[in-house]
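Asker: The following comprises the amino acid sequence and a computationally predicted model.
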Amino acid sequence: MARAEWGSRLGFILAAAGSAVGLGAIWKFPYVAAQNGGGAFLVIFLVIVCTLGISLMIAEMSVGASTRRSPVGAYRRLGGKWWSGVGYIGVLCGFLILSFYSVVGGWTIAYIVKSIDGSILTSNPAFLSTTFDSFIADPVLPLWYHAAFMGLTAAVVLAGVQKGIEQVSKYLMVMLFLLVLVLIVRGLTLPGAIDGVLTFLQPDFSKVTPVMVIEAMGLAFFSMSLGMGCMITYGSYASDETYIPNSAGSVIGLTTIICFLSGLMVFPAIFVFGFDPSAGPGLTFITMPAVFSQMSGGQFFGILFFFLLFVAALTSSVSLMEVVVSFFIDEFHLPRTAMTVVMSILMFVLGIGASLSLGVWKDYTLFGKNLFGILDYVSSNLIMPFGGIMVAILVGWKSWPVIADRLTRADGTQPVWLPLLKGFCRYIAPVLIFVILIQNL
């Protein structure tokens with residue numbers, strides 16, 4: 001069976017950037033930056049992205065491109081039989097994340113509907129909070145939206161690499177970028193918007209602490225979709241002519257730009273209307289509708305905002321499902337259609353439990369966490385850092401000659417930074433990610 005390939009380098013870059021740009025880049029980056037010194041946090045974040053982020057992005061894409069396999073086969077081919085276990089853990093991570101991520105993706109569809117009918121366009125935060133809590137606790141309604149989101153994700157993956165993932169990513173990423181720009185322009189035209197911009201950008205180095213640096217490392221690592229096999233899988237579809245470092249740099253650049261623009265999109269509006277920028281996840285589903293209710297043309301911009309969240313969620317969920325589906329295609333030569341349908345159903349079923357754990361099953365906890373929280377914690381705080389450490393060790397110690405050959409230019413010359421990448425993967429990246437892992441624990 002011939003291995004699927006991206007139709008173009010641009011398609012590869014936009015698909016990979018779509019994987020990295022998820023809900024976290026839209027709402028998490030702005031409030032974490034505000035909590036940690038604004039401009040000072042941005043500087044530290046950029047430094048980490050340009051070192052840890054780019055190194056691991058190149059490493060993961062190179063592992064996939066060198067082997068033309070999804071994580072299990074890639075680790076086995078480069079590291080040996082026992083390394084395939086790391087790949088299995090990566091596939092499990094994608095499965096677990098998408099099961100609850102689809103629930104949140106369903107919320108974005110629900111809030112598009114709520115924005116259209118105007119039911120959330122009020123400036124009463126207490127009402128919005130009650131509305132959101134009641135919605136996610138409902139035992140039935142969120143499951144319909146969860147099913148819709150999972151179905152849309154499956155539809156894209158069913159169409160394949162070029163006709164599905166690549167084509168959809170091209171349109172959705174352009175749409176996401178344009179929507180962000182429209183909302184930024186609208187926010188900056190509000191009276192007093194400059195205060196929000198200054199809060200987001202103005203450095204406050206008095207807030208710089210070791211814990212804040214670790215938080216910046218964690219945010220940079222997770223916002224780039226590293227450690228779960230997505231970039232290995234997407235890299236495996238790259239043609240032999242694709243120069244991985246250039247593509248990795250483009251993905252890192254696009255993702256960083258979207259993170260930065262999301263801050264410019266959110267902060268002017270919430271400061272004009274006096275809301276708390278550190279409201280965290282509630283900023284999306286509770287605070288922002290109140291902002292739009294007080295804004296001229298607010299219903300229209302509210303619809304745009306939640307559609308933007310939907311687009312960001314969908315491009316990420318597609319990459320997570322592809323990690324799982326490509327595993328069965330590569331390892332067992334099973335058809336894409338059958339495995340997409342089966343895996344979608346299984347992830348949907350697990351997602352039912354995650355959704356119900358926010359409502360009727362909320363009293364059933366383990367270590368103080370409901371099922372939704374357990375899935376999130378295990379995948380994001382444990383498996384992803386573990387995956388990042390292992391891919392760095394694989395590249396730096398076990399398979400460096402193969403990776404170095406894949407990173408050699410077409411004219412036979414090696415980039416001058418190649419020894420730096422080797423040293424970073426061997427020594428620095430594992431230590432830094434281990435610190436993140438310990439902090440998460």
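Answerer: Yep, that arrived.

Asker: give the contact list for the nearest residue to residue 50 once chain neighbours are set aside.
Answerer: Sequence neighbours aside, residue 252 is the residue nearest to residue 50 in space, at 7.7 Å (criterion: C-beta to C-beta, 6 or more residues apart in numbering). (Glycine included, C-beta is placed from N, CA and C.) Residue 252 makes contacts with 49-50, 53-54, 57, 224, as judged by C-beta atoms under 8 Å, 6 or more residues apart in numbering.

Asker: quick one: the helix or strand hosting residue 95 to chain centroid distance?
Answerer: Residue 95 belongs to helix 84-117 when elements are defined using DSSP states H and E. Remark: helix 84-117 is offset 10 Å from the chain centroid, using C-alpha atoms, centre = their mean, to the nearest Å.

Asker: With stretch 408-420 instead?
Answerer: 30 Å.

Asker: what comes up buried for that stretch?
Answerer: For stretch 408-420, the neighbour count (16 or more other C-beta atoms under 10 Å) marks no residue as buried.

Asker: circling back to that earlier point, most neighbours among the contacts of residue 252, please name it.
Answerer: residue 224 (30 neighbours; other C-beta atoms under 10 Å).

Asker: Next, that one: phi, psi?
Answerer: Dihedral angles of residue 224 (phi, psi; degrees, to the nearest 10) stand at phi -100, psi 10.

Asker: separation between residue 21 and residue 319?
Answerer: 10 Å (C-beta to C-beta, to the nearest Å).

Asker: what about these two, which has more around it?
Answerer: Between residue 21 and residue 319, counted using other C-beta under 10 Å, residue 21 has the larger neighbour count: 31 against 27.

Asker: unless I'm mixing things up, that one is touching residue 315, no?
Answerer: Yes: between residue 21 and residue 315 there is a contact at 6.4 Å, judged by C-beta atoms under 8 Å.

Asker: Give the intersection of the neighbour lists for the two.
Answerer: Common contacts of residue 21 and residue 315 (C-beta under 8 Å, 6+ apart): 173, 176.

Asker: Just the buried residues of the helix holding residue 95, please?
Answerer: So for helix 84-117, counting by 16+ other C-beta under 10 Å, buried means 84, 86-87, 89-112, 114-115.

Asker: could you give me the average pLDDT of it?
Answerer: In this model, helix 84-117 has an average pLDDT of 95.

Asker: cool, stretch 304-311 as well?
Answerer: The average pLDDT for stretch 304-311 rounds to 90.

Asker: again with stretch 266-285
Answerer: The average of the pLDDT scores along stretch 266-285 is 73.

Asker: which residues sit against it?
Answerer: Outside stretch 266-285, the residues touching it (C-beta under 8 Å, 6+ apart) are 23, 26-28, 30-31, 34-35, 107, 111, 123, 125, 128-129, 132, 187-188, 190-197, 199-200, 286-288, 290-291, 294-295, 309.

Asker: On the pLDDT front, check the nearest residue to residue 40 once chain neighbours are set aside for me.
Answerer: Sequence neighbours aside, residue 203 is the residue nearest to residue 40 in space, at 4.3 Å (criterion: C-beta to C-beta, 6+ apart). On the pLDDT scale, residue 203 is placed at 80.

Asker: Pull the number of nearby residues for residue 125.
Answerer: Neighbours around residue 125, by other C-beta under 10 Å: 16.

Asker: what do you get for residue 159?
Answerer: Other residues near residue 159 come to 16 when the count uses other C-beta under 10 Å.
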